[in-house]
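In: what would the 3D arrangement of this be:
(4 chains)
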Protein chains: 4
Amino acid sequence: MPTRIKRIGVLTGGGDCPGINAVLRAVTKTAIHQHEIEVVGIEDGFQGLIENRTRPLTWADVSGILTLGGTILGTNNRSNPLKYHVGDDENGEPIFINAIDKCLETIETQKLDALIVIGGDGTMSCAAPLVEKGVDVIGVPKTIDNDLVGTDLTFGFTTAANTATLSLDRLHSTAASHHRVMVCEVMGRNAGWLALHAGIASGADAILIPEIPFDIDKICEFAESRTTARRGFSIIACAEGARPKGGEQVVARHDPTSADPVRLGGIGAQVGSQIMERTGIETRTTVLGHVVRGGGPIAADRVLASRFGFRALKMLVGGATGRMVVLDGVRLSDVDLLHAANKQRLVPLDHPLINVARAVRTSFGD
Amino acid sequence: MPTRIKRIGVLTGGGDCPGINAVLRAVTKTAIHQHEIEVVGIEDGFQGLIENRTRPLTWADVSGILTLGGTILGTNNRSNPLKYHVGDDENGEPIFINAIDKCLETIETQKLDALIVIGGDGTMSCAAPLVEKGVDVIGVPKTIDNDLVGTDLTFGFTTAANTATLSLDRLHSTAASHHRVMVCEVMGRNAGWLALHAGIASGADAILIPEIPFDIDKICEFAESRTTARRGFSIIACAEGARPKGGEQVVARHDPTSADPVRLGGIGAQVGSQIMERTGIETRTTVLGHVVRGGGPIAADRVLASRFGFRALKMLVGGATGRMVVLDGVRLSDVDLLHAANKQRLVPLDHPLINVARAVRTSFGD
Amino acid sequence: MPTRIKRIGVLTGGGDCPGINAVLRAVTKTAIHQHEIEVVGIEDGFQGLIENRTRPLTWADVSGILTLGGTILGTNNRSNPLKYHVGDDENGEPIFINAIDKCLETIETQKLDALIVIGGDGTMSCAAPLVEKGVDVIGVPKTIDNDLVGTDLTFGFTTAANTATLSLDRLHSTAASHHRVMVCEVMGRNAGWLALHAGIASGADAILIPEIPFDIDKICEFAESRTTARRGFSIIACAEGARPKGGEQVVARHDPTSADPVRLGGIGAQVGSQIMERTGIETRTTVLGHVVRGGGPIAADRVLASRFGFRALKMLVGGATGRMVVLDGVRLSDVDLLHAANKQRLVPLDHPLINVARAVRTSFGD
Amino acid sequence: MPTRIKRIGVLTGGGDCPGINAVLRAVTKTAIHQHEIEVVGIEDGFQGLIENRTRPLTWADVSGILTLGGTILGTNNRSNPLKYHVGDDENGEPIFINAIDKCLETIETQKLDALIVIGGDGTMSCAAPLVEKGVDVIGVPKTIDNDLVGTDLTFGFTTAANTATLSLDRLHSTAASHHRVMVCEVMGRNAGWLALHAGIASGADAILIPEIPFDIDKICEFAESRTTARRGFSIIACAEGARPKGGEQVVARHDPTSADPVRLGGIGAQVGSQIMERTGIETRTTVLGHVVRGGGPIAADRVLASRFGFRALKMLVGGATGRMVVLDGVRLSDVDLLHAANKQRLVPLDHPLINVARAVRTSFGD
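Out: Numbers count the residues shown, from 1 in each chain, chains lettered A, B, ... in the order given. Okay, here's the model as predicted:
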């Protein structure tokens, strides 16, 4: 297919996620092999677009990166071109500017005919003004939390759920040997997909997610009923955004603005200490943190990420702009770039997985 | 929901597959916890049903099996009740009988109100006559090859593709260090899904599947073109059912009737030796064999298998019979038990994955 | 070899550790197969010995447990027969009794001719009074921390170091993509072996261990010097017992008596928050906790644990008592049961691994 | 320590092995950081030394390679400088020359003050003539088979044994589910260390190694006795060099000169087919092949390889030459470079591991 596009830029925004490099590889190899399009990598997300920091992505640059975690381009989850931090004023207050023009400058300087942006809700929102200014942009959705509206699945989630599951599996042996309660906190500030999947996959006895506020009394009762039977133990998978009924959300441990160790005891630690205090059962808490989003993608995510990258490039070549690639069942499709903006796909209370979990007697603490 | 069902049997037929135990656990726990239904495990597939070999499946029996590979019930991929081998006649010819009545006897003796059968195409065909006789039966699809018609995915496939991918990853380092061609044969006698997924996920340079007969000249040329560049090497993922253009399929290495070491050199070995002979490039062949279908399921398959088991039990309780649970996009649904009989879901030549693979310059040898 | 021993007991004390089950299997299979000795499993460490809670260990009981983490017998790291907690007095003060006689009663009731105890320093100390009373006892050393005096290596350590390393590997991709500092706290309250091994194996940029008090200024400087180079990032492996020069040890996160979330911020969290505060570099802390001691043993530990179990049984049969099996280079040997009591094998400041780490420019913060 | 050495070359010979890159990293980083020595990488083993193919190894070149399998320098297991193949004569017979002078030329051209050679017995033999000519050479032992004389362990072996064990673990589930015999062939043409370790670690029922010729009748009997018990199955770990009593060794499947598929049925396939033929028990054979030597090193091997690399560099700096680094118990030491030449460390018939295996009723077929 003939295309007017000769040279494109690609950037990765937001938190890192297993499979980003697989997207970059598919975009670049397809561009070079099938369309003789040059690919330019923009460093550190929108910050690199604003600051004109780029480097070519050749065939050799993307060879062997399919299996690597993270992003070879670097990323940045705090640079919004509409509100770009350029320094502080004399009172120490931060000064923000609109840096969209700087982005357009880089696009012109680099002679980019189009842009592929890989990121979450925030990244798509940052890209939208560029579309308005006439830049051809295709988005590729990326979030470890799987809470993006419009797509049934994002790459990286299957890997993250698997990594969390393997850690929960490990906790089983120590919980069983010591007849303990083990609380395992996993990422998920607003949506509980990760805790839900990993909890079901590891056979967790209780799963606490933001969508279902829990009653600590019920959890303690549940743990006690399991411990009464000799050799009983309990595994609790807890999303970092889980919260008690009527209670507020605990300040999350991963809050980038928090440098206060006192606040590092997140909801997992709180649930753990309350169980130990109220029931007297030995309880331990583990916080998986960034371990879950790191590392290389499992096979399924390498395939999905490759499909996403391929599709994004083909859409640009086909003349599309302002769209985001999505997975609809087993097929790829696309939606408006801003379809997912300012929304989150939470776990519905009647979701099949909730029913499956309850059927095998998993408690949600409700 | 009130149900007339008080006691059910469950059996697993065909080759083993990661996730069967997760199905058994979900069926049993849901039955006991939500419906006070007793569950009876039938040993070794239809053979156990014919021979009345069963054992109770209690809560304790299925606790801790979520992560285990294989099936705790045992399986058997050669017992068809319609053609049950009872011995040999005086000339050494096998004598077969119709053993459907024996199955019905066991069902009556064991007081089973319904049956859940976990298996592939063959297992469903064996179950169909029981439905005709008035037995309530729900099928759960299982095949490592992912070639069952009617469902978008079967549990176990994602794990098998991941296991094959990890092995292919390992071959990369030795191929690259020695500048060799490495041929890796994976299961897939008729359908190439496993080789296709693992090939894409591992960045294989060539993928040979039954659906696309290959031209050995083209493969040799391809390997040579890669080797010419210093430090070049090639990884070839080869389905055991791959075959040359115009040629016949090689007798498969895993043919259960073959005890002849000479015939053990399957298509992978043949492709490897031809490349070495024609191009002079050092070539090695590895046959993953049963390693790929063994071991515990990854998280995604544990979840999918749990959903399948839950659904099958709920369908029985809801009064359904003669149906097989399937995955339709992200939702579960069901089809006629015989929907998949005598058919195979092959890789279509215009499947998106084929296009993705070609776009990153993967050769199919065509 | 003829032996007067007909029946032995085996117990596992202290924290769980990958490979305990492999010891149990080797002890039991060797006893049954080569000496027709019956084996009795004592539940939950010395608590089971005091309370006469046991069960037979048959060939079937130990089949298939080689790969399992934890201990099938259960363990308990708080029951000392010399100071056994039997309740509280009227003022709520705990009442302790000497329960050695109860242990001897169980040994007599169960007709045990000898005992194998698998545990750490504490377990060996608990066993010593039994030896004085004439009970044949052989110890098998077990500690995740590898800090037992008298043996070059304990089973489980190689697995734990590998698990920690894999987690540190995962943190690399997120650290590199975000140009962050990642602090990863691993077990090791007094000895830094785990942090040292995992740190070297994962290529950590800094390693903080109890044996080398650190200077937070030097760590901050080090992190800054790495970040100055564009795309720089730092990984810090931190033992939970690491402490600042001149400073006190932070209350450990895993302190079983602590139910206070405020105290859950261990040394890892403190180092992380100080780096972020002083340097302004984005920093994240992960606490691996019990994930590291859980799960099945890797091959090397399965082999070592099997050797230990085999040796312990053979020593009993050979008439030894009051000895602990140890590894001396590549050979097994044995030392007095109390050889390791009240001592800890710390990392010497001139240990070869320290030199190797410094040579590749790893900072110890000193 | 002051040193006259300013610039060294490093090469990797023989088959690839997990951990080579960790050695290269330790050598290079130590050289640069502690001694300001430049490091030159020689490509593809002695072939690169003969052909003067080199490239600098800078800090950046060796950053991030700690975890990678294979060797970034490339290797070659067929180039002997004493018998270097330069072409064929008019009759098609190969012409060999002594290429030691060419090696010396490269050393002079590249201004190399010393050489570190990483390889096995063959590589050390190739290096010896250089020592005679006055070149400073230190060897680092490397073999997947762990059969090098003089060192208790070589890096890579622990990883390979672990990889083989994980595959054997996978075969367990399919063997148990189908009540089959599974034969798994692993590398080891002369020494059975790999089969022995992986066999013990995976709980294999029989282990066949070159050092203990087997009696096929005994193996069949053994498999039958296990199958008689309902649900019995057998796992057989078989070294590629295993051979029947009184029989010859089967031509190995990995023979680089063999391009004949007929000969690809190695000893594993033969044992498998004989068991199936004689006993009628369903039997399957898997050949792990190069999968076992590929992939990244586990933590223990990363540490050992780093120690070896560090030591080799320090020995050069200290003025040593003609020595090979070895592991003696837990300490490093060194032996003459030719100490291991033309010898192999076979498994002694009374090795502790043999006794451990027999004690848990593992058959060696003898």
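In: now do the contacts for whichever residue of the stretch 251-366 of chain A sits closest to chain B.
Out: Closest contact between the stretch 251-366 of chain A and chain B, by C-beta to the nearest C-beta, is at residue A:329 (2.6 Å). (Each C-beta comes from the backbone N, C-alpha and C, glycine too.) Listed by C-beta atoms under 8 Å, 6 or more residues apart in numbering or on different chains, the contact partners of residue A:329 are A:152, B:152, B:328, B:329, B:330.
In: phi, psi of it?
Out: Backbone geometry at residue A:329, expressed as degrees, to the nearest 10, gives phi 70, psi -120.
In: which residues of the stretch 251-366 of chain A fall in strands?
Out: A:283-287, A:323-328, A:331-336 (DSSP state E, counting those that start in this stretch).
In: in the stretch 1-150 of chain A, where is pLDDT below threshold?
Out: A:1-2 (pLDDT under 70).
In: and the helices in it, which stretches?
Out: Taking DSSP state H, counting those that start in this stretch as the test, the helices found in the stretch 1-150 of chain A are A:20-35, A:46-51, A:59-62, A:100-109, A:121-132.
In: okay if I get these as TSV plus distance to chain C and mean neighbour count?
Out: Putting these into TSV (distance: least, C-beta to the nearest C-beta, whole Å; neighbours: other C-beta atoms under 10 Å in any protein chain shown) gives the following:
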stretch	distance to chain C	mean neighbour count
helix A:20-35	8	26
helix A:46-51	11	25
helix A:59-62	15	15
helix A:100-109	17	17
helix A:121-132	14	21
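In: residue A:75 is nearest to which of these?
Out: Closest to residue A:75 of these is helix A:20-35 (C-beta to C-beta; 7.8 Å).
In: is the closest one in proximity to chain B?
Out: Yes. Residues of helix A:20-35 contacting chain B under C-beta under 8 Å from any C-beta of the partner chain: A:25, A:26, A:29, A:30, A:33, A:34.
In: what lies in contact with stretch A:44-58?
Out: A:9-14, A:24, A:28, A:32, A:38-43, A:73-77, A:79-81, A:84, A:99, A:102-103, A:105-107, A:109-110, A:119, A:123, A:126, C:179.
In: I'd say residue A:242 and residue A:191 touch.
Out: No. Applying C-beta atoms under 8 Å as the test, residue A:242 and residue A:191 come out as separate, 11.2 Å apart.
In: can you count the residues close to residue A:336?
Out: For residue A:336, the count of nearby residues is 15 (other C-beta atoms under 10 Å in any protein chain shown).
In: isn't residue A:66 up against residue A:19?
Out: No. Counting by C-beta under 8 Å, residue A:66 stays clear of residue A:19, with 9.3 Å between them.
In: those two: which is more packed in?
Out: Neighbour comparison, residue A:66 and residue A:19: the larger count goes to residue A:19, with 34 against 25 (by other C-beta under 10 Å).
In: the more buried one and residue A:155, how far apart?
Out: 4 Å (C-beta to C-beta, to the nearest Å).
In: what do those two both touch?
Out: Joint contacts of residue A:19 and residue A:155 (C-beta under 8 Å, 6+ apart) are A:142, A:297, A:301, A:304, A:305.
In: burial measure for the first one, as a count.
Out: Close neighbours of residue A:142, defined as other C-beta under 10 Å, add up to 30.
In: so what's it up against?
Out: A:12, A:14, A:17, A:19-20, A:23, A:118-120, A:123, A:154-156.
In: go on, the third one?
Out: The neighbourhood of residue A:301, defined by C-beta under 8 Å, 6+ apart, consists of A:18, A:19, A:22, A:155, A:156, A:157, A:158, A:159.
In: okay, it: pLDDT?
Out: Looking at residue A:301, its pLDDT stands at 98.
In: can you give me the helices for the stretch 201-350 of chain A?
Out: Using DSSP H, counting those that start in this stretch, helices in the stretch 201-350 of chain A cover A:216-228, A:267-279, A:299-317.
In: redo the ones you listed as JSON lines? Include distance to residue A:114.
Out: What follows is the helices of the stretch 201-350 of chain A, written out as JSON lines (distance: least, C-beta to C-beta, whole Å):
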{"stretch": "helix A:216-228", "distance to residue A:114": "51"}
{"stretch": "helix A:267-279", "distance to residue A:114": "43"}
{"stretch": "helix A:299-317", "distance to residue A:114": "5"}
